[in-house]
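Engineer: Quick check, what structure comes out for this input:
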Amino acid sequence: MNRRSRRCKILATLGPASNDEASVEKLWRAGADVFRINMSHADPEAMRETVAMIRAVEARVGQPIGILVDLQGPKLRVGTFAGGGVDLLVGQTFSFDSDPTPGDAERVCLPHPEILSALAPGHKLLIDDGKLRLHVVEATGDRALTKVDVGGRISNRKGVSLPDTEIAVAAMTPKDRVDLEAAVETGVDWIALSFVQRATDVLEVKRLTGDRAFVLAKIEKPQAIARLDEIMAVADALMVARGDLGVEMPLEKVPGLQKRITREARRLGRPVVVATQMLESMISAPAPTRAEVSDVATAVFEGGDAIMLSAESASGKYPFEAVTMMNRIAEEVEQDNIYRAIIAAQRAAPERTGADAVAVAARDMTETLDLKAIVAWTSSGATALRVARERPRAPILALTPNRDTARRLTAVWGVESVITKDAKDVDDMANRACKFAVRQGLAAVGDRILIIAGVPFGTPGATNMLRLAFIGEDGLRAE
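Structural biologist: The predicted structure follows:
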């Protein structure tokens, strides 16, 4: 068995450097818990082939593996230039318009009427990941006259970011809709939605997925930060997508936003992923910088559910070393004496629900009695999520009859999952909880564990029972 000795999970993006079955298994054994398929670089057929590879590895290793499909989202780009590009100087004026004629030193087409109609004086335009910065001087609906604040070369089809502009465009493009349907039909576990601006963006994806997948909202736009509470209320999980967030907002604000999103997500019991440039130098180097190690450690100290690798594992020279390094950092942080104090200090008050009260009691009992594990019987995953929100010292073992639930929980802090038929009665519940705790290496004869469940069994969201169990020398039994 390849048990993890850390609670924080690792997401690894697959790509040219890692897109074969042997590589997927090697990445999993190195520490990857969930695999990300980036639809910016894939079509439905390639996605299906990758899912089949992951499922083959899952069957071989005998443990649930999560799959996240990341939708591309709307890509806003300038048109083309007669000479391939032009150099813009600080202080000069430059126009964006709806004329498809190739651009020159004074203008270029912006083939997005929804942008031209939404721009207003003072709005910023960031070109090529913020390398060029301009602001609008005059806007007429089909043309925007801008002034260059940070100059440089602008060339064909470079991306455009609009930190100040509310765009009347859905977060999903026609490509995204095709990719989404293919993903849920193929049986992936998580859908990541890019460039979320409002809660309705998330609700639209949830309407289309139904209960076939969970939806993760990527927080990467200022508009999403302004509506963070309403987005968090409807999303199943969140991602701090620091790449685009750092382009559209001042870089110095990103660390504080990361902490705010991480803590608020934990308060609500929503899994949260910290992503982008975590071990960026390992794309081309066998070891990370000290600053990158500290960055990964900070995300773990903050209690994030998962940390993510992008190009490091998808197209870099050292994908396995990157996962191994991330695993080592997380393990070391969680063994640090100060880790538990920081996690406890970030604890939020429980909601006034029976499920939250039971989860808090479970955490307190495990710490008071030094119990070896919390075993949560769960159908939908809600019980395990509420326990994970409390960040208990003891590992969490989720027992579920639902294979989809087991796979989705691979992205949740501290949760291991086993697929098993539902309990028949309270004694069966306790005895099998003891058996699986021993089988998974979480407890041994003479140990005590805590069992949490909902009665009647199989009723989603009915977490209402705690039972203390003892693993006796004459067999696995509960008392």
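
Engineer: okay, which residue is most central for the protein?
Structural biologist: Among the residues of the chain, the one closest to the centroid is residue 273, at 3.7 Å (CA atoms, centre = their mean).

Engineer: What score does it have for pLDDT?
Structural biologist: On pLDDT, residue 273 comes in at 98.

Engineer: Mark out where each domain of the chain begins and ends.
Structural biologist: 9-73+170-337, 85-161, 354-470 (automatic domain parsing).

Engineer: Can you show me the helices along the stretch 51-200 of the chain?
Structural biologist: 113-118, 174-186, 199-209 (DSSP state H, counting those that start in this stretch).

Engineer: So for residue 158, which of the ones you listed sits nearest?
Structural biologist: Ranking the helices of the stretch 51-200 of the chain by their distance to residue 158 (criterion: CB to CB) puts helix 113-118 first, at 14.0 Å. Backbone N, C-alpha and C define where each C-beta goes, glycine included.

Engineer: Could I get the buried residue list for that closest one?
Structural biologist: By 16 or more other CB atoms under 10 Å, the buried positions in helix 113-118 come out as 115, 116, 118.

Engineer: Name the nearest of those relative to residue 20.
Structural biologist: Using CB to CB, the buried residues of helix 113-118 come closest to residue 20 at residue 115, 40.1 Å.

Engineer: shouldn't residue 189 be in contact with residue 409?
Structural biologist: No. Counting by CB atoms under 8 Å, residue 189 does not reach residue 409; the two are 9.2 Å apart.

Engineer: And the two? Which one has more around it.
Structural biologist: Counted by other CB atoms under 10 Å, residue 189 and residue 409 do not tie: residue 409 has more neighbours, with 29 against 26.

Engineer: Got phi/psi on that one?
Structural biologist: phi -70, psi -10 (degrees, to the nearest 10).

Engineer: can you pull out the strands in the stretch 251-400 of the chain?
Structural biologist: 272-275, 306-309, 374-377, 396-400 (DSSP state E, counting those that start in this stretch).

Engineer: could you dump those to TSV with distance to residue 173?
Structural biologist: TSV is the format used below for the strands of the stretch 251-400 of the chain (distance: least, CB to CB, whole Å):
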stretch	distance to residue 173
strand 272-275	21
strand 306-309	23
strand 374-377	39
strand 396-400	35
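
Engineer: Buried deepest among the ones you listed, which one?
Structural biologist: Of all the strands of the stretch 251-400 of the chain, strand 374-377 carries the top mean neighbour count, a mean of 30, counting by mean count of other CB atoms under 10 Å.

Engineer: Not counting its own residues, what contacts it?
Structural biologist: 362, 366, 383-384, 387, 392, 394-400, 422-423, 429, 433, 436-437, 449-454, 457, 469 (CB atoms under 8 Å, 6 or more residues apart in numbering).

Engineer: what do you get if the cut-off is 7 Å, keeping everything else the same?
Structural biologist: 362, 366, 383-384, 387, 392, 394, 396-399, 423, 429, 433, 436-437, 449-453 (CB atoms under 7 Å, 6 or more residues apart in numbering).

Engineer: Which ones among these lie within helices?
Structural biologist: Among those, the residues falling in helices (DSSP state H) are 362, 366, 383, 384, 387, 429, 433, 436, 437.

Engineer: For residue 2, which non-adjacent residue is closest in space?
Structural biologist: Nearest non-adjacent residue to residue 2, counting by CB to CB, 6 or more residues apart in numbering: residue 29, 5.7 Å away.

Engineer: repeat for residue 192
Structural biologist: Distances taken as CB to CB, 6+ apart place residue 70 nearest to residue 192, at 4.1 Å, with adjacent residues excluded.

Engineer: ok, now residue 282?
Structural biologist: Nearest to residue 282 is residue 322, by CB to CB, 6+ apart, at 4.5 Å.

Engineer: Show the contacting residues for the one you found.
Structural biologist: Contacts of residue 322 by CB under 7 Å, 6+ apart are 279, 282, 309, 312, 313, 316.

Engineer: Please tell me how far the last one sits from residue 242.
Structural biologist: Yep, that's residue 316 we're talking about. Using CB to CB, to the nearest Å, residue 316 is found at 18 Å from residue 242.

Engineer: Please apply the same query to the second one.
Structural biologist: With the distance defined as CB to CB, residue 282 ends up 17 Å from residue 242.

Engineer: likewise the third one?
Structural biologist: Residue 309 sits 13 Å away from residue 242, taking CB to CB as the criterion.

Engineer: so where is this structure shaky, pLDDT-wise?
Structural biologist: The chain contains residues with pLDDT under 70 at 1, 458-461, 474-479.

Engineer: re earlier: greatest separation within the ones in helices among the contacts of strand 374-377: which pair is it?
Structural biologist: The span of the ones in helices among the contacts of strand 374-377, defined through CB to CB, is set by 366 and 429 at 17.9 Å.

Engineer: what is residue 376 paired to in the beta sheet?
Structural biologist: Residue 376 forms beta bridges with residue 398, residue 452, as assigned by DSSP bridges.

Engineer: For residue 449, see how far away it is.
Structural biologist: Distance of residue 376 to residue 449, given as CB to CB: 11 Å.

Engineer: what's the answer for residue 164, then?
Structural biologist: The gap separating residue 164 from residue 449 is 54 Å, by CB to CB.

Engineer: try residue 341
Structural biologist: 25 Å.

Engineer: quick one: which of the two has more around it?
Structural biologist: residue 449 (26 against 10).

Engineer: So that one sits against residue 435, correct?
Structural biologist: No. Using CB atoms under 7 Å, residue 449 is not in contact with residue 435, being 10.8 Å away.

Engineer: Not counting its own residues, what contacts stretch 135-144?
Structural biologist: Outside stretch 135-144, the residues touching it (CB under 7 Å, 6+ apart) are 93, 95-98, 116-117, 119-124, 145-147, 149.

Engineer: Okay, buried residues for it please.
Structural biologist: 136, 139, 143, 144.

Engineer: Arrange these in JSON lines, one row each, with distance to residue 45 as further columns.
Structural biologist: Below are the buried residues of stretch 135-144 laid out as JSON lines (distance: CB to CB, whole Å):
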{"residue": "136", "distance to residue 45": "42"}
{"residue": "139", "distance to residue 45": "42"}
{"residue": "143", "distance to residue 45": "41"}
{"residue": "144", "distance to residue 45": "39"}
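
Engineer: can you name the two of the residues you listed that are farthest apart?
Structural biologist: Within those, two members stand farthest from each other by CB to CB: 136 and 143, at 10.4 Å.

Engineer: hang on, the earlier thing: so for residue 282 and residue 242, which residue has more residues nearby?
Structural biologist: residue 282 (25 against 22).
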